[in-house]
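**Q** Got a predicted structure plus its sequence, pasted below:
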Amino acid sequence: MTLTLIHTAKVHEATFNTLRDRLAPGAELTHVTRPEWLDRARAGDQTVTEDLAHTIAKAPSATLCTCTTLGEAAESLGALRIDWPMMQAAAQTGGAIMLAYALDSTYEPSLALLDRALQATGTRQSVHPLPLTQYWPLFEAGESDAFTSVVAGEIRQAAMTLPKLSCVVLAQASMAPAAERLTDMRVPVLASPELALRAALEI
């Protein structure tokens with residue numbers, strides 16, 4: 001099985017290689033990493049979709065887009081968006097959902113996708129946004145551990161105010177390491193990379 005992954009942060013290459021080694025050692029991953037695409041998308045540059053289309057069209061097999069901001073465009077071009085399997089899992093939990101995000105451009109596409117997953121299950125669950133955008137500069141500066149620590153801390157604190165919470169959704173792949181620090185919470189904390197890779201490789 002081969003899979004092309006489109007990233008906007010180089011750190012995701014190692015994340016998915018590690019997951020591949022654990023879940024499907026025989027799978028071949030090809031990484032296309034374009035940090036400038038996120039900057040262009042956030043600036044409203046529509047031509048980034050043309051570059052995305054070209055990359056997806058020339059990919060030799062299935063494509064997974066790991067950037068939430070580009071996810072909707074990637075899906076329309078035939079790629080799997082990283083957060084769809086996670087949103088499907090969240091919709092199955094049957095209660096209130098916390099949607100944590102660290103980038104403004106992530107919020108609307110994430111909420112729309114979660115709404116789509118909820119509609120597909122026919123359930124009406126409340127969604128509680130948790131903006132953590134003030135910490136995004138830490139990730140951009142390469143301070144991954146500090147970013148993960150503050151994200152995990154904010155989520156833990158916010159969850160205590162929501163007694164009917166059924167799960168936490170980490171809207172961006174960059175937030176996924178926070179899930180490892182929240183395994184003791186009373187509700188699942190859903191991260192997108194492993195769920196997406198399993199779906200893309202159908203394992």
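**A** Everything's here; your move. Computed from a prediction, not measured in an experiment: that's the story for all the values here.
**Q** Can you tell me the SS state at residue 183?
**A** Using DSSP: H, G, I helix; E, B strand; the rest coil, the secondary structure recorded for residue 183 is coil.
**Q** Against residue 191, how distant is it?
**A** As judged by C-beta to C-beta, to the nearest Å, residue 183 and residue 191 stand 11 Å apart. In this view, the C-beta of every residue, glycine as well, is placed from N, C-alpha and C.
**Q** swap in residue 28?
**A** 23 Å.
**Q** Can you check the pLDDT for the nearest residue to residue 176 once chain neighbours are set aside?
**A** Distances taken as C-beta to C-beta, 6 or more residues apart in numbering place residue 191 nearest to residue 176, at 3.7 Å, with adjacent residues excluded. At residue 191, the model reports a pLDDT of 97.
**Q** I'd guess residue 64 is in a strand, am I close?
**A** Yes - under three-state DSSP, residue 64 sits within a strand.
**Q** pretty sure it is touching residue 200, no?
**A** Yes - Residue 64 lies in contact with residue 200 (C-beta atoms under 8 Å); the separation is 4.6 Å.
**Q** SS state for the residue lying farthest from the centre of the chain?
**A** The centre of the chain is farthest from one residue, residue 163, which by C-alpha atoms, centre = their mean lies 24.9 Å away. Under three-state DSSP, the three-state class of residue 163 is coil.
**Q** mind giving me the domain split of this protein?
**A** Using automatic domain parsing, the domain ranges for the chain come out as 2-82, 84-191.
**Q** Quick one: end-to-end length of the shortest one, please.
**A** This means domain 2-82. End-to-end distance for domain 2-82: 16 Å, by C-alpha to C-alpha, to the nearest Å.
**Q** So for residue 64 and residue 200, which residues contact both of them?
**A** 3, 80 (C-beta atoms under 8 Å, 6 or more residues apart in numbering).
**Q** Next up, phi/psi of the residue nearest to residue 182 when sequence neighbours are not counted, please.
**A** Nearest residue to residue 182 in three dimensions, chain neighbours excluded: residue 189, at 4.5 Å (C-beta to C-beta, 6+ apart). The phi and psi values for residue 189, taken as degrees, to the nearest 10, are phi -110, psi 110.
**Q** Pull the number of nearby residues for residue 189.
**A** Using other C-beta atoms under 10 Å, residue 189 has 23 neighbouring residues.
**Q** cool, and residue 63?
**A** 23.
**Q** which stretches of this protein have low pLDDT?
**A** Along the chain, the parts satisfying pLDDT under 70 run over 203.
**Q** all strands for it, in order.
**A** Applying DSSP state E to the chain gives strands spanning 2-7, 28-33, 62-65, 80-81, 96-101, 127-131, 165-170, 189-190.
**Q** Let's have the ones you listed in a markdown table, adding distance to residue 51.
**A** Shown next, in a markdown table, are those (distance: least, C-beta to C-beta, whole Å):
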| stretch | distance to residue 51 |
| --- | --- |
| strand 2-7 | 10 |
| strand 28-33 | 10 |
| strand 62-65 | 12 |
| strand 80-81 | 17 |
| strand 96-101 | 24 |
| strand 127-131 | 29 |
| strand 165-170 | 27 |
| strand 189-190 | 30 |
